[in-house]
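Peer 1: got a predicted structure here, sequence first:
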Amino acid sequence: MDGQARSTLIRRRRDGLARDFAAIAAKLDIRYNSTTDFISRVLDYIDIYFNAMGWFWGSSTPSDPTKKLDPELRDYLQQEKPAPYTTTSSASRLAANESQTTHNPSASSSSSSSSSSSTENPVPAASQFPDGRYAHLWKTYKPLADIEGAQPQAAAERAINAFKNRKDTVHDAAMENCALEHESLMTCFHKGDWWSLVKAKATMCGDENRKFSRCYTTQAKFLQALGYAASTDWDAHKEERIQLHADKLYHQMLDYEQRAAEARAAGREPPPITSLFRPEARPVPSHIIHSADSGNQNDQKDMVVVPGGEKLPEGYTPHTPLKDLTPHERELAIRSVNAEIEQNRAYADEAMPFVQKQQEARARRQERAKGWFGETIGKWIT
């Protein structure tokens with residue numbers, strides 16, 4: 001029912017109600033003027049009710065309340081209306097809808113250009129904000145692996161820098177593991193009564209100094225043997241576990257030496273010695289080690305017993321003869337040498353392509369210099 005038909009129906013019912021109230025007023029002998037006022041008031045309420053309940057008459061065109069506003073006020077509210085917030089899901093649906101319109105041959109050129117630009121994903125794949133925040137920053141983000149992959153020399157340079165800094169890194173970790181020994185040495189020099197200070201300066205704190213020096217050098221060898229800071233990709237959790245394990249093995253070695261010394265002082269045979277790096281290996285009885293250490297000097301190389309069966313590389317001569325070391329120190333020295341050789345080989349394999357490129361570039365520069373200045377001068381120009 002349209003608006004005109006509804007108004008006609010309301011007017012007819014209003015006239016009918018007016019006639020009914022007029023008849024009732026005549027029968028009750030009520031003054032017409034007061035009845036008219038009463039009827040007018042009632043009909044006003046009826047008009048308000050029918051206008052408010054337009055759905056009762058089946059109207060399919062709901063009225064817009066903003067049309068009753070002042071035009072200037074309506075324009076102001078339209079300008080001050082906040083921009084709609086578009087989430088990722090709605091943006092993807094909008095992009096999908098617009099992409100469908102791009103495939104429609106009847107679409108206009110303007111709509112096709114706008115839809116093609118909106119089909120791009122508004123949220124970059126590397127973004128950590130699915131709602132699209134900072135998308136203009138994440139759009140230019142490049143992972144470190146991609147950057148190093150595009151520059152092959154970056155990995156080689158990183159390997160060379162790690163090789164140069166590894167010794168300092170290992171020594172810093174060894175100093176951390178020997179913090180108690182270092183504190184004891186400093187305390188010996190700076191604290192105590194006057195007699196203790198005089199004795200410390202006279203002896204240079206010999207006992208504390210020997211403990212700290214042995215701890216520092218031995219811990220560094222343990223760290224090197226276990227592969228501390230050997231990888232070019234630094235993993236803090238992994239390196240910390242290696243550092244703790246090196247400290248554990250060092251104190252296991254000290255514990256065995258103390259138990260062996262106590263056994264000799266009591267006139268007993270020292271306990272069998274177990275490998276630090278291969279605990280599952282068969283323990284070596286102490287009398288075998290003692291007989292090997294006291295063997296003939298000519299057969300000393302063959303008589304040296306090392307827990308765990310570790311062997312030196314062919315043709316390698318250690319700085320300190322193995323016969324002058326304790327069994328655990330022999331195992332540690334051999335293990336440290338083998339680990340160092342393996343790590344140097346790995347570094348060389350990783351850095352060799354970069355080194356070869358540098359050498360080739362240097363050779364080309366020398367050839368150009370020889371052509372310009374002659375061979376005598378050009379060979380010194382790099």
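Peer 2: Good, I have the coordinates. Numbering: from 1, shown residues only.
Peer 1: send over stretch 242-254 as CSV, restricted to the C-alpha atoms.
Peer 2: Written as CSV, here are the backbone C-alpha positions of stretch 242-254 (Å, rounded to 0.1, in the frame of the first residue of the first chain):
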residue,chain,number,x,y,z
ILE,A,242,78.5,-25.7,25.9
GLN,A,243,80.1,-23.3,28.4
LEU,A,244,78.3,-25.0,31.3
HIS,A,245,79.4,-28.5,30.1
ALA,A,246,83.0,-27.3,29.8
ASP,A,247,83.0,-26.1,33.4
LYS,A,248,81.4,-29.4,34.5
LEU,A,249,84.1,-31.5,32.8
TYR,A,250,86.9,-29.3,34.3
HIS,A,251,85.6,-29.9,37.8
GLN,A,252,85.2,-33.6,37.1
MET,A,253,88.9,-33.7,36.2
LEU,A,254,89.8,-31.9,39.4
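Peer 1: report the buried residues of that stretch.
Peer 2: I242, Q243, A246, D247, L249, Y250, M253 (16 or more other Cβ atoms under 10 Å). In this view, the C-beta of every residue, glycine as well, is placed from N, C-alpha and C.
Peer 1: before we move on, what about stretch 175-185?
Peer 2: Neighbour-count burial for stretch 175-185 [16+ other Cβ under 10 Å]: M175, N177, C178, E181, H182, S184, L185.
Peer 1: need these in a markdown table with distance to T217 and pLDDT, can you?
Peer 2: Output for the buried residues of stretch 175-185, formatted as a markdown table (distance: Cβ to Cβ, whole Å; pLDDT from 0 to 100):
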| residue | distance to T217 | pLDDT |
| --- | --- | --- |
| M175 | 11 | 96 |
| N177 | 12 | 96 |
| C178 | 10 | 97 |
| E181 | 12 | 95 |
| H182 | 13 | 94 |
| S184 | 17 | 92 |
| L185 | 14 | 91 |
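Peer 1: which of the residues you listed lies closest to P283?
Peer 2: Of all the buried residues of stretch 175-185, P283 sits closest to N177, with 26.2 Å by Cβ to Cβ.
Peer 1: isn't that closest one up against A246?
Peer 2: Yes: contact criterion Cβ atoms under 8 Å: N177 and A246 qualify, at 6.6 Å.
Peer 1: closest to G374 out of the buried residues of stretch 175-185?
Peer 2: Among the buried residues of stretch 175-185, M175 lies closest to G374 (Cβ to Cβ), at 53.6 Å.
Peer 1: what's the closest one sitting at in phi/psi?
Peer 2: phi -60, psi -40 (degrees, to the nearest 10).
Peer 1: one more: V284?
Peer 2: According to degrees, to the nearest 10, V284 has phi -100, psi 120.
Peer 1: roughly how far does it sit from A126?
Peer 2: 57 Å (Cβ to Cβ, to the nearest Å).
Peer 1: any regions of the stretch 1-150 of the chain where pLDDT drops low?
Peer 2: Applying pLDDT under 70 to the stretch 1-150 of the chain flags the ranges 1-7, 10, 14, 17-18, 20-66, 68, 82-122, 144-150.
Peer 1: can you check which residues contact both of N177 and A246?
Peer 2: Q219 (Cβ atoms under 8 Å, 6 or more residues apart in numbering).
Peer 1: quick one, domains of the protein?
Peer 2: 3-58, 162-356 (automatic domain parsing).
Peer 1: which residues touch the closest residue to C205 other than its chain neighbours?
Peer 2: Nearest residue to C205 in three dimensions, chain neighbours excluded: C188, at 3.9 Å (Cβ to Cβ, 6 or more residues apart in numbering). For C188, the contact set (Cβ under 8 Å, 6+ apart) comprises S196, A200, C205, E208.
Peer 1: just the helices in the stretch 151-300 of the chain please.
Peer 2: 152-177, 179-190, 194-203, 206-225, 236-265, 286-293, 300-303 (DSSP state H, counting those that start in this stretch).
Peer 1: from the ones you listed, which stretch is densest packed?
Peer 2: Stretch with highest mean neighbour count among these: helix 206-225 (a mean of 19; mean count of other Cβ atoms under 10 Å).
Peer 1: same question for it, mean pLDDT?
Peer 2: Helix 206-225 carries an average pLDDT of 95.
Peer 1: so what does that helix touch, helix or strand wise?
Peer 2: Counting contacts by 3 or more Cβ pairs under 8 Å, 6 or more residues apart in numbering; DSSP states H and E, helix 206-225 is packed against helix 152-177, helix 179-190, helix 236-265, helix 327-373.
Peer 1: from the buried residues of stretch 175-185, pick the one nearest E331.
Peer 2: N177 (18.7 Å).
Peer 1: okay, that closest one and R166: tell me how far apart.
Peer 2: 17 Å.
Peer 1: K379 contacts K370, doesn't it?
Peer 2: Yes: K379 lies in contact with K370 (Cβ under 8 Å); the separation is 6.7 Å.
Peer 1: any weak-confidence spans in the stretch 201-350 of the chain?
Peer 2: Residues of the stretch 201-350 of the chain that meet the cut-off, pLDDT under 70, sit at 290-303.
Peer 1: which residues touch the residue nearest to E181 when sequence neighbours are not counted?
Peer 2: Nearest in space to E181, with sequence neighbours left out and distances taken as Cβ to Cβ, 6+ apart, is F212 at 4.1 Å. By Cβ under 8 Å, 6+ apart, the contact list for F212 reads C178, E181, H182, S184, L185.
Peer 1: and F212, how close does it get to F222?
Peer 2: Relative to F222, and taking Cβ to Cβ, F212 is found at 16 Å.
Peer 1: hmm, V337 and L322 touching each other?
Peer 2: No: L322 lies out of contact with V337 (Cβ under 8 Å); the separation is 11.0 Å.
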